[in-house]
Structures are given as structure tokens and as C-alpha cells.
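>>> Please find the sequence and the predicted model below.
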Amino acid sequence: MGVANYITAVLNFVAFLCSIAVIASGIWLSQKPDNVCIHVFRWPVIVLGFLILLVSLAGFVGACCYNKNLLAFYLCCMAILIALFLILLVFAFVVTRPDGSYDVPGRGYKEYRLDGYSSWLRNRILGSKNWNKITACLADTDVCPKLTQQQYMTVDQFFAAHLSPLQASSCSGF
């Protein structure tokens, strides 16, 4: 087996092992108590793990046996996966780039306004159906209870506290 095929086989074997970890984490998510956050992510994680498993298995077998058809399938699938990941990355960057924050004098945190975010994200959040899912997801986390456990003797202490954007903008309704 040539050096290029050996490297391809080793890299695909590592990807194969990583895909097993991704599938296991998807199965672990499916065993968790059902809530909105987990419901959104469990099946895409399992499907992504199986896709990576199949592509890496095709690359591994194709490299070990020098099967040109499997290597061609592997290269096409890998090119498609890389293109999809790049599109997702660019989309996420464009949607989340404007963060809607502005500094407020005398406060340790920034204020956030929905007008500062991208129009696509604003339209997704403004619908009551989506906002109910978001608040249900936040209610299941420990972000807001941690904020209420902290003791602020005065309003000035609260305003001077360094809060995360999530705590500063979303926890006031809990």
C-alpha cells in the first residue's frame, strides 16, 4: 500500500472512531429527559454521526483495498460534506455577526436590542412559537437560577456585575 493510501486509511480510521463517539453522544441525548433543547439536537447528531461513519468507512476500505470506485465515492461525499459545513459556517457567521449590543455607562454589562441583530434572526425569534421554544429551553438550564442565587445588596451592585449576554437579556422574565 502506498504512502498516500496509508495516510488516507489512517485518517479515515480516526474519523470512523470519532463518528462512533458522535453516534454515542446522539444516543446519550436520546436517553435524556425530553425537553425542547434535546429534542432539536438528538436526531441530527445521530444522522451526522452515521454519515461520517459511512464516508470514513468508504475511504478506509477504498484506501486499504485500493478500490477506485470507493475512493471516488469517498472523495465526492467528502467534498459535499466539506461544502455543506462551509455553507453552514458562513451562514452562522452572517446571521450572528451583528450582536445587537451597546455599552451603557456605569454598568458592567452591555444592553442588547433585537434591532441590532440580522433580519433573518429577528424574524425567527419574533414568532411566538419560536420564542416559546427558546424560553422553555432556557428554563431547563441553570443559567438564570445561578443569577438569582447571587446576592445583590443594591441595584448598583447588580448594574456593576459582569453578566453574560444571556443573563442580562433573557433572565429577567424568570
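Nice, thanks for sending it over. Numbering: from 1, shown residues only.

>>> Would you mind naming the helix or strand containing the most centrally placed residue in the chain?
Per CA atoms, centre = their mean, the C-alpha nearest to the average position across the chain is that of Phe41, at 8.8 Å. For Phe41, the enclosing helix or strand under DSSP states H and E is helix 36-65.

>>> and the next element down the chain from that helix?
Next helix or strand after helix 36-65 toward the C-terminus (DSSP H and E): helix 68-96.

>>> What are the buried residues along that next one?
Residues of helix 68-96 classed as buried by neighbour count (16 or more other CB atoms under 10 Å): 70-71, 73-74, 77-78. Backbone N, C-alpha and C define where each C-beta goes, glycine included.

>>> Can you tell me which of these is nearest Ala63?
Minimum distance to Ala63 across the buried residues of helix 68-96 is 6.8 Å, recorded for Leu71 (CB to CB).

>>> tell me the contacts of the residue nearest to that closest one when sequence neighbours are not counted?
Spatial nearest neighbour of Leu71, excluding adjacent residues (CB to CB, 6 or more residues apart in numbering): Gly62 at 3.9 Å. Counting by CB atoms under 8 Å, 6 or more residues apart in numbering, Gly62 touches 8, 68-71, 73-74.

>>> change it to 10 Å
By CB atoms under 10 Å, 6 or more residues apart in numbering, the contact set of Gly62 is 5, 8-9, 12, 68-75.

>>> Present the residues you listed as CSV; the columns should include distance to Asp99 and pLDDT.
Shown next, in CSV, are those (distance: CB to CB, whole Å; pLDDT from 0 to 100):
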residue, distance to Asp99, pLDDT
Asn5, 46, 83
Thr8, 41, 88
Ala9, 43, 90
Asn12, 38, 92
Lys68, 48, 90
Asn69, 48, 91
Leu70, 45, 90
Leu71, 43, 90
Ala72, 43, 92
Phe73, 41, 92
Tyr74, 39, 92
Leu75, 38, 91
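
>>> Low-confidence regions, the chain specifically.
Where the chain drops to pLDDT under 70, the residues are 1, 33-36, 98, 107-109, 114, 127-128, 135-136, 138-174.
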